[in-house]
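# Using only what follows, build the 3D model:
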Amino acid sequence: MSNELEQEKVYSVSQLTREMKGILEGEFSSVWVEGEISNFLLHTSGHRYFTLKDADSQLKAVIWKFSAQGLTLALKDGLKVRAFGDITLYEKGGNYQLRVIKILAKGIGSLEEQFQKLKAKLLAEGLFEVEHKQPIPQFPNAIGIVTSPTGAAIRDIINICRRRAPMVRLVLRPTKVQGDGAAADIAAAIAEFNKWGEVDTIIVGRGGGSLEDLWAFNEEVVARAIFNSRIPVISAVGHEIDFSIADFVADLRAATPSAAAELATFDAVALLQFVRDSNDRLQRSLQRGLELRRERLHRLRQSRLFLRPAVMVEPFAQRLDEANLRLQNAVEKTMMKNSSRLETQHHKLEALSPDNVLKRGYAVIRKKTNHSVVKNASELVAGDKVDIAWADGSHDAVIE
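Prediction:
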């Protein structure tokens, strides 16, 4: 017996576990497993842990956080699913589990296919582009709500809106949110709000449910109604983990109906407090400015200039008088100088006057024939008649 044992290969636990890990992970790298979910746990890390079971066996499974992005199926205990992934073996614990990459509710594989096909089509058409997103009004007067009148979603929306902004008008357009005709009803409600034109924002949504329950929000008619809406649309379909086609097309996606109400309204209490604070700051600023101007006015009223304004004029008045005096002296001096010069010229002219020459005993002789002045004796001959003028009179004469 001892010899036989020595001839057999003996594994350590680690060696055997490692070899089993290689076999399992190599053999079951891409498998579909069908079963019912139990012990479902959404960890705070974002990973999802659960057990797949059937009548005879169970298999632990995990969906890592990065694989859960875009997950459209609301996982919960009792849900029958088909999970795709690979088997991994946790060496330290010696147990194995299914690492899920993709998961579908049993029997809805065609819906998932439809979802992905429509998503790809609308993406290619540009319906998800950011450039088409409309801004959500910050201070709406009225909000249109497209949802069931009896669901939890409408109660959550009303409660949040009444708490945050009770003055905002809420207008409900009751719609079917699941089943036959739901998609057409939702699309019609969005179109009616646009035609009416009395709301600033539209919230479209419902509470959580299975993929089948939420399917109306994955219909093309709803997606196009949201895209064509002139009024900004907030989608709020299911829970945070649920993503619908409506979410991709909407101007804003809310994780839940309650979150949609938060996003659509403003906090009136906080806004009122902001206005009050601003008013207080403005009042204090105005009061301080008024006090400063009063102090400045008081200083001006007490100033020497304000009390005796003539002080400003007196120096200039004195300078003006001095200037006038200098101007007057200059004019008088110029007039005296010019008067003296004029008198000198007058005496010169007087000295050269013919009358004064005659007064000194001289006489002027003119011919009687042409009254020309005779300047030389040769100009006269015997018999010429002349006029002889003196200072005190004249006489005619005949040259002999």
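# When you work out contacts or count neighbours from here on, use the C-alpha atoms and nothing else.
Will do.
# Which SSE is immediately downstream of the helix or strand harbouring Val357?
Remark: Val357 resides in helix 354-359, with elements defined by DSSP states H and E. Counting by DSSP H and E, the next helix or strand C-terminal to helix 354-359 is strand 364-367.
# elements contacting that next one?
strand 385-389 (3 or more C-alpha pairs under 8 Å, 6 or more residues apart in numbering; DSSP states H and E).
# The strand it packs on pairs with which strands?
Strand 385-389 has the following sheet partners, assigned by DSSP bridges: strand 364-367 (antiparallel), strand 394-398 (antiparallel).
# Can you add mean pLDDT, mean neighbour count and distance to Asn141 and give the ones you listed back as TSV?
Listed next are the strands paired with strand 385-389 as TSV, based on pLDDT from 0 to 100; neighbours: other C-alpha atoms under 10 Å; distance: least, C-alpha to C-alpha, whole Å:
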stretch	mean pLDDT	mean neighbour count	distance to Asn141
strand 364-367	92	18	124
strand 394-398	92	13	127
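# With distance to Asn95 added, can I get these in a markdown table?
Below are the strands paired with strand 385-389 laid out as a markdown table (distance: least, C-alpha to C-alpha, whole Å):
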| stretch | distance to Asn95 |
| --- | --- |
| strand 364-367 | 167 |
| strand 394-398 | 171 |
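# Contacts for the helix holding Val357, please.
Around helix 354-359, the neighbours that count as contacts under C-alpha atoms under 8 Å, 6 or more residues apart in numbering are Glu350, Val364, Trp390, Ala391, Asp392.
# Give me the distance between the third one and Glu25.
In this view, Trp390 and Glu25 are 165 Å apart by C-alpha to C-alpha, to the nearest Å.
# same thing with the first one?
Applying C-alpha to C-alpha, the value for Glu350 to Glu25 is 150 Å.
# any low-confidence regions in the stretch 1-150 of the chain?
Scanning the stretch 1-150 of the chain for pLDDT under 70 picks out 1-7, 70, 72, 107-111.
# mind redoing it with 80?
1-8, 55, 69-74, 77-78, 105-113 (pLDDT under 80).
# what do you get for the stretch 201-350 of the chain?
For the stretch 201-350 of the chain (pLDDT under 80), the answer is 209-212, 239-242, 304-312, 314-315.
# hey, where'd the helices end up in it?
With DSSP state H, counting those that start in this stretch, the ranges of helices along the stretch 201-350 of the chain come out as 220-227, 245-249, 257-264, 268-301, 304-307, 314-352.
# And for the second one, what's in contact with it?
It stands for helix 245-249. Against helix 245-249 from outside (C-alpha under 8 Å, 6+ apart): 115, 119, 127-128, 217-219, 222-223, 226-227, 235-237, 253-254.
# Among these, which one lies nearest to Lys53?
Phe115 (27.1 Å; C-alpha to C-alpha).
# which residues does the residue nearest to the closest one when sequence neighbours are not counted contact?
Counting by C-alpha to C-alpha, 6 or more residues apart in numbering, the nearest residue to Phe115 once its immediate chain neighbours are dropped is Asn218, at 6.7 Å. Asn218 is in contact with Phe115, Ser244, Ile245, Ala246, counting by C-alpha under 8 Å, 6+ apart.
# Of those, which is the most crowded?
Ala246 (31 neighbours; other C-alpha atoms under 10 Å).
# Can you report phi and psi for the residue nearest in space to the middle of the chain?
In the chain, the centroid-proximal residue (C-alpha atoms, centre = their mean) is Pro135; its distance is 12.3 Å. Phi and psi for Pro135, reported as degrees, to the nearest 10, are phi -70, psi 140.
# wait, it sits on Val233?
No: at 9.3 Å, Pro135 does not count as touching Val233 under the criterion of C-alpha atoms under 8 Å.
# which residues do those two both contact?
Common neighbours of Pro135 and Val233, using C-alpha under 8 Å, 6+ apart, are Asp251.
# Next one: Ala317 from Ala83, what distance?
108 Å.
# ranges for the helices of the stretch 1-150 of the chain?
Using DSSP H, counting those that start in this stretch, helices in the stretch 1-150 of the chain cover 2-7, 13-27, 65-68, 109-125.
# Quick one: closest of those helices to Pro149.
helix 109-125 (26.7 Å).
# Please enumerate residues in contact with that closest one?
Counting by C-alpha under 8 Å, 6+ apart, Leu104, Phe128, Glu129, Asn218, Glu220, Ile245 sit against helix 109-125.
# Can you report how many residues neighbour the closest residue to the second one other than its chain neighbours?
Same thing as Phe128. Leaving aside its chain neighbours, Phe128 sits nearest to Val249 (5.1 Å; criterion: C-alpha to C-alpha, 6+ apart). Counted by other C-alpha under 10 Å, the residues lying close to Val249 total 29.
# What's opposite the closest residue to Asp396 other than its chain neighbours in the beta bridge?
Among residues not flanking Asp396 along the chain, Asp387 sits closest, at 4.6 Å (C-alpha to C-alpha, 6+ apart). In this entry, Asp387 is beta-bridged to Arg366, Asp396, by DSSP bridges.
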